[in-house]
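Trainee: sequence and computational prediction follow.
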Amino acid sequence: MSESEKRLDTVRLQEIVQGFWRSGALMAAVELGLFTAVSKGAGTYPEAAKALDITETNAERLMTACVTLELLELDAAGRMSNAPDVERFLVEGSSRYAGPWMLFTKPSWNDWGQLSEKLKSKTVDRLGKYGEFTVDRAREYHKATYSIGLGAGRRFSRHVDMSGRKRMMDIGGGSGAYSIVATQTYDGLNAVVLDLPAVAVVAKEFVAEHGVSDRVDAEACDFTADPFPTDCDVAVMASNLPIYSREIVGQVIQKAFDALLPGGEMHLIGETLDDDRRGPVGPALWGLSEAVIGTTGLAHTNGDCIGYFENAGFAEVSVNEFVPGALVRVTGKKPA
């Protein structure tokens, strides 16, 4: 029987519609501390039920779901252990603990349930809900994202040799994770985090916590509108690409090019679509999420990003894999 002659059914569509069941299971496991309990030896339903103070039936329900989602591993004796990535990132007490990030999108569930209404709206704002950030909200946001940002910052400082560079502008740098790691890695490098006023306050807190306040500053800056410092030889803009329209991203990269010292370099790190726009799904959904937030943002392709750099005047523009399957790093150099 040919592919076209196969009987169609709704299985694939049901799996998509029920996708929130999967995220619900993961979030509940994080909230209840299941993975931390399993790491400490609660590898059976009764042990987990006792550790989590839930019924054995509910422990079985949750752990069975987690096994099928490959979050837990089940051995021949019937004991469960954490999958390697779960053990590394979802056990409380670890310096790499990412539980808050896993739960970060939970408050937006109701908004996603109203996506069709959001898509009917013809009102957009350059910053959307991000423009409403208070210091408390910014602190909550970056507390949730910091562990992920720090890991990305370490990866950036491994991938990019900044030996001999003097000052980095961290555009939309949030908690300052990239700047913190970069200045800890490269002697003689200073940095400035450019972000909204409430975020800059929080960035200074993270910077002070890591003992690099003498080398990393944080300035209040709406980088879509405000000028950039003109004494930097490195610029990085990380993980905020889908928040902005093509026009805005192009303008920001042009502004960075103009502000960089001759011979400087820029790195744009973000979720991008393939040029044929058939995937991957992650960047497409990040772009769609901006309808929920209310910004002008959307998904950008690799080719779009190359165009932003080349139109700004950058040379040696390239697209490099950053986090496989998730993020790319687009880089270019300002001619000396």
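Mentor: Yep, it's here.
Trainee: so Ile269 sits in a strand?
Mentor: Yes. Judged by DSSP: H, G, I helix; E, B strand; the rest coil, Ile269 forms part of a strand.
Trainee: how close does it get to Ser94?
Mentor: 24 Å (Cβ to Cβ, to the nearest Å). Every C-beta, even on glycine, is put in place using the N, C-alpha and C of the backbone.
Trainee: more crowded one of the two?
Mentor: Just comparing Ile269 and Ser94: by other Cβ atoms under 10 Å the higher neighbour count belongs to Ile269, 24 against 15.
Trainee: that one against Val328, yeah?
Mentor: Yes. With contact defined as Cβ atoms under 8 Å, Ile269 reaches Val328; the gap is 7.4 Å.
Trainee: identify the contacts common to these two.
Mentor: Shared contacts of Ile269 and Val328, defined by Cβ atoms under 8 Å, 6 or more residues apart in numbering, comprise Phe322.
Trainee: the stretch 101-250 of the chain: helices as residue ranges?
Mentor: Counting by DSSP state H, counting those that start in this stretch, the stretch 101-250 of the chain has helices at residues 109-113, 115-120, 135-159, 177-185, 197-209, 246-259.
Trainee: looking at these, which is buried most?
Mentor: helix 177-185 (a mean of 25; mean count of other Cβ atoms under 10 Å).
Trainee: for it, list the C-alpha coordinates in PDB.
Mentor: Extracted C-alpha coordinates of helix 177-185, given in PDB (Å, rounded to 0.1, in the frame of the first residue of the first chain):
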ATOM      1  CA  ALA A 177      25.400  35.700  33.100                       C
ATOM      2  CA  TYR A 178      27.400  36.100  29.800                       C
ATOM      3  CA  SER A 179      29.300  39.100  31.200                       C
ATOM      4  CA  ILE A 180      30.000  37.400  34.500                       C
ATOM      5  CA  VAL A 181      31.500  34.300  33.000                       C
ATOM      6  CA  ALA A 182      33.400  36.200  30.300                       C
ATOM      7  CA  THR A 183      35.100  38.500  32.700                       C
ATOM      8  CA  GLN A 184      35.900  35.500  35.000                       C
ATOM      9  CA  THR A 185      37.400  33.700  32.000                       C
END
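Trainee: what does that helix contact?
Mentor: The contact list for helix 177-185 (Cβ under 8 Å, 6+ apart) reads 146, 149-150, 152-154, 156-157, 162, 168, 170, 173, 189-193, 206-207, 210, 212, 215-216, 236, 238.
Trainee: now with 6 Å, please.
Mentor: 149-150, 153-154, 156-157, 168, 170, 173, 189, 191, 193, 210, 212, 215-216, 236, 238 (Cβ atoms under 6 Å, 6 or more residues apart in numbering).
Trainee: how near is the residue at minimal distance from the centre of the chain to Tyr97?
Mentor: The chain has Ser239 as the residue nearest its centroid, 5.4 Å off, counting by Cα atoms, centre = their mean. According to Cβ to Cβ, Ser239 stands 19 Å off from Tyr97.
Trainee: so where do the strands sit in the protein?
Mentor: Counting by DSSP state E, the chain has strands at residues 72-74, 80-82, 167-171, 190-195, 216-220, 234-238, 265-270, 272-273, 300-301, 315-323, 327-333.
Trainee: save these as JSON lines, and put in mean pLDDT and distance to Asp258 too.
Mentor: Listed next are the strands of the chain as JSON lines, based on pLDDT from 0 to 100; distance: least, Cβ to Cβ, whole Å:
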{"stretch": "strand 72-74", "mean pLDDT": "98", "distance to Asp258": "52"}
{"stretch": "strand 80-82", "mean pLDDT": "98", "distance to Asp258": "49"}
{"stretch": "strand 167-171", "mean pLDDT": "98", "distance to Asp258": "12"}
{"stretch": "strand 190-195", "mean pLDDT": "97", "distance to Asp258": "15"}
{"stretch": "strand 216-220", "mean pLDDT": "96", "distance to Asp258": "18"}
{"stretch": "strand 234-238", "mean pLDDT": "97", "distance to Asp258": "11"}
{"stretch": "strand 265-270", "mean pLDDT": "97", "distance to Asp258": "11"}
{"stretch": "strand 272-273", "mean pLDDT": "96", "distance to Asp258": "24"}
{"stretch": "strand 300-301", "mean pLDDT": "97", "distance to Asp258": "21"}
{"stretch": "strand 315-323", "mean pLDDT": "96", "distance to Asp258": "15"}
{"stretch": "strand 327-333", "mean pLDDT": "97", "distance to Asp258": "13"}
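Trainee: this completes my enquiry, with thanks.
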